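Q: Have a look at this fold, sequence not included:
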């Protein structure tokens, strides 16, 4: 199961990246030689790179009973090893003996949020591992 980012979030990241690169290129073409010219280009490339990564891997993946939050340094947690599941207004916090993952609801598409909520409601929290 894949939990998707909101399309609006991905599209705005792509638009910001393209706009930053255009600003940098226009500054170079108009002979505006400041340090900020290169900063615009680098920022644009980083934004487009982030968009590409997030578009390809999305926010969460749940495969083989393992939940993985995709980021620069991905975090994974086995669903059977969850010791605490805290539900807040804008986020979920999933805890195990070795790992904690915070999932923000604001960045998840509506359909994926329903799927994730249903999945988290079905999970049996394993309190015996928390005390040992």
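A: Arrived safely, thanks for sending. Nothing here was measured: the structure is a model prediction, and the numbers come from that model.
Q: element containing residue 28, please.
A: Residue 28 belongs to helix 7-29 when elements are defined using DSSP states H and E.
Q: Likewise for residue 48?
A: If you go by DSSP H and E, residue 48 is part of helix 35-57.
Q: Please point out which parts of that helix sit buried.
A: Residues 37, 40-41, 43-44, 47-48, 50-51, 54 are the ones in helix 35-57 that count as buried (16 or more other Cβ atoms under 10 Å). From N, CA and C alone the C-beta is placed, and that goes for glycine too.
Q: Residue ranges of each domain in the protein, please.
A: Taking automatic domain parsing as the criterion, the chain consists of the domains 2-57, 64-131.
Q: Quick check: mean pLDDT of the last one?
A: Read that as domain 64-131. The average pLDDT for domain 64-131 rounds to 90.
Q: for it, the distance to its chain's centre please.
A: Its chain's C-alpha centre and that of domain 64-131 lie 13 Å apart, by Cα atoms, centre = their mean, to the nearest Å.
Q: For the residue at minimal distance from the centre of the chain, give me its contacts.
A: Centroid-nearest residue in the chain: residue 59, 4.1 Å away (criterion: Cα atoms, centre = their mean). Residues near residue 59 by Cβ atoms under 8 Å, 6 or more residues apart in numbering: 3-5, 69-70, 103, 107-108, 112.
Q: Show the pLDDT at it.
A: Model confidence at residue 59, given as pLDDT, is 96.
Q: List phi and psi for it.
A: Backbone torsions of residue 59, given as degrees, to the nearest 10, read phi -80, psi -50.
Q: try residue 63
A: Residue torsions, per degrees, to the nearest 10, at residue 63 are phi -140, psi 140.
Q: and the gap between it and residue 70?
A: Plainly put, residue 63 is 12 Å away from residue 70 if you go by Cβ to Cβ, to the nearest Å.
Q: Same check on residue 43?
A: From residue 43 to residue 70 the distance is 22 Å (Cβ to Cβ).
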